[in-house]
Every structure is written in C-alpha cells, then in structure tokens.
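Participant: what follows is a predicted structure for the sequence shown.
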Amino acid sequence: MDVASAIVTLVLVMDPLGNVPLFLSVLSHVAPERRRRVLLRENAIAYVVLMLFLLTGGGLLRVLGLQLDAVGIAGGIVLFLIALRMVFPDDRGAGLQPRGEPFIVPLAVPLFAGPSTLATLLLLDAATPTSRGLLIVAVTIAWAVSAVILMSSTALYRVLGERGLMALERLMGMLLVMVAVQMLVNGIRRSLALGV
C-alpha cells in the first residue's frame, strides 16, 4: 500500500467527520475559552498514542506469530465491519460524556485513536514492513487532517448541520467498504498464491 492509500485509509478509519457531534457533545461541559486548548491537548495525546502503537505493534504480531496473509484477511474483515458501522451507525455516543474537562478519555482515546485506528496501524505496518518511515509520514498526515477537521468542529457543525455530517460519514463508510474488500481480496490472493 502506498502513502496516499495509507493516508486515505487512516482518515476514513479515524472518521473525524463522524466524531464531530461526539466531540461537541463532550466539550459542551467545558468553558468556551478552554475548548481550543483542550482540543489541542487531546489531539497531541492521540498522536503520541498512535506513534507508540505504530512503533511497538509490529513486535506484537511477531510475538503472536501471525502471517501477513492472515493479517490482511483479518484486516479486510475488521475494516468492513467498521465501514458497516459508519454506513449504518448505532448510538456510539451513549455514555461517553465525562463530568468536567475531559483528559485522554474519551476524546484522545477511544474517539480519535480508537481500537479501529490502532488495528489498522498494525495491518498497514505488517503490509509494508520495509516502509516504516513512509508509514510514519502517512500517520502524521492523516492525524493532521483529522485534527484540523476536529479543531474546526464547531464551524463544520454550523455549516453542514447534523444531516450533512451524517451524509459525509456515510460516504466515507462506502469508500472504506471498498478499501476493506480490496484488502480482503489481496490477502486471499496472497494465501492462494502461496498454497496456504
């Protein structure tokens, strides 16, 4: 997978547009003059979590003895399930509102650097083991794009409204379905070529 594909996949999985209403809901308890600072802090924490997981997650795959084909097939299935949740959402925001100012949970983890994003990082790292530097660049760019969208959450909500954000999230979900199917096909094709 090249850098552009990795960036698009990560942005789709991070789902910043789908998280805008949740971020606004969680930040509704924070004083308006503190919101920007809180968002900057939470985005920075999420970036640290993403980088730590990227740098240590590959070791986990090696310890578990997972083959690239299995990771690719599992990744396609996981991304497909994530995409289905984006296209047909449930009540994800229930129970995520902390009292007072949020710290790490729920904004940085799990809304920004959630299980889906961390699993995708593992899959991308396993698929391109020789391109760790390029993957770090891809993660940084995807994080920056998502952070800008989330930092603009109030303005986006004002311009697009809830229905507009929902429509964009569904579109991102459909794109992610295609990426997931391609990952699944590639994993199966590699398995069949190796006779596994």
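Facilitator: Received it, and whenever you're ready, just let me know what you need. Residues are numbered from 1 along each chain as shown.
Participant: when you work out contacts or count neighbours from here on, use the C-alpha atoms and nothing else.
Facilitator: OK.
Participant: for this protein, where's the lowest mean pLDDT among helices and strands?
Facilitator: helix 68-87 (a mean of 78; mean pLDDT, DSSP states H and E).
Participant: please pull up the helix or strand immediately following that helix.
Facilitator: Following helix 68-87 in sequence order, the next helix or strand is helix 115-127 (DSSP states H and E).
Participant: quick one: buried residues of that following helix?
Facilitator: 116-127 (16 or more other Cα atoms under 10 Å).
Participant: residue 107: which of these is nearest?
Facilitator: residue 117 (13.7 Å; Cα to Cα).
Participant: any weak-confidence spans in the chain?
Facilitator: Along the chain, the parts satisfying pLDDT under 70 run over 1, 68, 91-99, 129-130, 195-196.
Participant: tilt between the lengthiest helix in it and helix 68-87?
Facilitator: Counting residues, the longest helix in the chain under DSSP state H turns out to be helix 153-194. Per axes from the mean of the first three to the mean of the last three Cα atoms, to 10 degrees, the angle that helix 153-194 makes with helix 68-87 is 150 degrees.
Participant: starting at the chain centroid, how far to the least confident helix or strand of the chain?
Facilitator: How far helix 68-87 lies from its chain's middle: 13 Å, per Cα atoms, centre = their mean, to the nearest Å.
Participant: ok, and what's touching that helix?
Facilitator: Helix 68-87 is contacted by residues 13, 18, 116, 119-120, 123, 126-127, 169-174, 176-177, 179-188, 190-191 when judged by Cα atoms under 8 Å, 6 or more residues apart in numbering.
Participant: just the buried members of these?
Facilitator: Neighbour counting by 16+ other Cα under 10 Å classes 13, 18, 116, 119-120, 123, 126-127, 169-174, 176-177, 179-181, 183-184, 186-188, 190-191 among the contacts of helix 68-87 as buried.
Participant: next, the buried residues of stretch 149-163.
Facilitator: Buried residues in stretch 149-163, counted by 16+ other Cα under 10 Å: 149-151, 153, 156-157.
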